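# Sequence first, then the predicted structure:
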Amino acid sequence: MKKFKSFLLALTVGVFLIGCGGEKKDSAKAEKRVIKVSTKFVDDEQTAKSLVKVVERVNERSNGTLELQLFTGGTLPIGKDGIEQVVNGSDWIFVDGVNFLGDYVPDYNAVTGPLLYQTFDEYLRMVRTPLVQNLNKQAEEKGIKVLSLDWLFGFRSMMTKKPIRTPADMKGVKLRVPTSQLYTFTIEALGGNPVAMPYPDTYAAIQQGVIDGVEGSILTYYGTKQYENVKEYSLTKHLLGVSAVCISTKVWDSLTEEQRTILQEEFDAGAQDNLEQTIKLEKEYEEKLKELGVRFYEVDGEAFNKAVAPVYTKFPKWTPGIYEEIMKELTKIREDIKNGK
């Protein structure tokens with residue numbers, strides 16, 4: 001009988017301990033994970049508006065286990081400093097230029113090189129090729145999980161104090177660029193004087209004469225109200241404006257499968273929303289800018305193409321032959337588009 005009572009006591013204690021352990025596990029499951037989302041885009045720009053939707057949907061779908069906090073307009077570190085937060089394993093999602101990935105995997109800059117694409121579709125097909133998917137794997141080895149390369153905001157052109165029709169018109173023009181070799185080399189090749197600075201600083205910099213203008217998309221032009229400073233928009237379309245969405249591999253691996261699924265699905269849906277709205281708004285904003293006194297100029301495309309050619313020779317860290325590989329893929333892509341595939 002004593003042995004039986006001892007057994008019952010041990011069984012009761014065991015059940016109690018298991019119950020406590022189960023409660024602790026459930027509590028851990030319910031613990032909220034706060035992740036900051038940092039971007040340069042201001043609230044009036046479409047990318048920021050699409051990101052608001054992503055954040056709301058992730059927070060809703062995760063039932064309190066995830067809380068994304070969006071910081072727009074460069075409130076938190078962006079550019080090189082932002083991607084460093086990802087690499088260092090912070091609870092951080094970076095939404096900024098693909099060119100900053102090029103600091104860790106140089107060939108990303110080749111994929112987003114000057115005057116490479118003629119349409120959005122060409123680029124979106126390119127990032128789904130094995131060539132670019134391999135770059136994403138290389139980024140993971142550096143601690144960067146690339147959630148998306150699809151956040152387009154338009155082709156970048158010149159917003160300046162004077163019209164730009166040929167590379168000769170760029171001589172002496174001080175243009176803001178991101179802190180990126182790709183952008184610096186591109187503007188230099190076109191004959192301008194690149195001045196690196198965060199985009200949020202450009203509005204005052206133009207007014208103070210520090211720079212003569214900026215390069216960016218129609219959506220950026222309108223959304224950041226640069227039309228109040230400069231009225232000439234020259235359609236060089238020298239680079240495609242596109243952002244990467246990245247998170248630390250350390251953070252990604254620490255999330256549950258459900259949380260990872262939610263993040264991936266919602267950032268993919270957000271990219272599609274951003275693309276659809278960008279296509280719609282480009283024409284709308286062009287008309288609004290014209291009403292605000294902005295003048296649009298076509299450029300000598302052949303002259304600009306010839307001018308940027310040397311840029312592709314300035315990156316010794318690029319994989320030998322990468323440009324030729326990209327052009328081979330791009331030729332196939334254009335053929336598929338032409339044939340309706």
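Looks like it came in fine.

# residue ranges with poor pLDDT in the chain?
Applying pLDDT under 70 to the chain flags the ranges 1-30.

# Helices along that one, start to end?
In the chain, the helices defined using DSSP state H lie at 2-30, 46-61, 79-87, 107-111, 120-126, 130-141, 181-189, 202-207, 218-223, 249-254, 257-291, 301-308, 322-338.

# Quick test: name the residue nearest the centre of this protein.
Nearest residue to the geometric centre of the chain (CA atoms, centre = their mean): residue 243, 1.6 Å.

# What sits closest to that residue if chain neighbours are left out?
Among residues not flanking residue 243 along the chain, residue 151 sits closest, at 4.0 Å (CB to CB, 6 or more residues apart in numbering). For every residue, glycine as well, the C-beta is placed using N, CA and C.

# Surely that neighbour touches residue 47?
Yes. Contact criterion CB atoms under 8 Å: residue 151 and residue 47 qualify, at 6.1 Å.

# list the residues that contact both of the two?
Shared contacts of residue 151 and residue 47 (CB atoms under 8 Å, 6 or more residues apart in numbering): 95, 243, 274.

# Just send the residues you listed back as CSV, with distance to residue 205 too.
Listed next are those as CSV, based on distance: CB to CB, whole Å:
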residue, distance to residue 205
95, 23
243, 22
274, 27
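
# ok, these vs residue 58, which is closest?
Using CB to CB, residue 95 comes nearest to residue 58 of the shared contacts of residue 151 and residue 47, at 13.3 Å.

# before we move on, back to that, okay, the helices of the chain in a markdown table with distance to residue 237 and mean neighbour count next?
A markdown table is the format used below for the helices of the chain (distance: least, CB to CB, whole Å; neighbours: other CB atoms under 10 Å):
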| stretch | distance to residue 237 | mean neighbour count |
| --- | --- | --- |
| helix 2-30 | 49 | 9 |
| helix 46-61 | 18 | 20 |
| helix 79-87 | 23 | 20 |
| helix 107-111 | 17 | 24 |
| helix 120-126 | 12 | 18 |
| helix 130-141 | 21 | 15 |
| helix 181-189 | 12 | 22 |
| helix 202-207 | 20 | 17 |
| helix 218-223 | 11 | 24 |
| helix 249-254 | 34 | 15 |
| helix 257-291 | 12 | 16 |
| helix 301-308 | 8 | 15 |
| helix 322-338 | 16 | 15 |
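
# want to try TSV for those helices, with distance to residue 168 as columns?
Shown next, in TSV, are the helices of the chain (distance: least, CB to CB, whole Å):
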stretch	distance to residue 168
helix 2-30	64
helix 46-61	33
helix 79-87	31
helix 107-111	26
helix 120-126	29
helix 130-141	35
helix 181-189	13
helix 202-207	22
helix 218-223	23
helix 249-254	47
helix 257-291	25
helix 301-308	8
helix 322-338	26
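
# looking at those helices, which is closest to residue 147?
Closest among the helices of the chain, once you apply CB to CB, is helix 257-291, at 4.9 Å.
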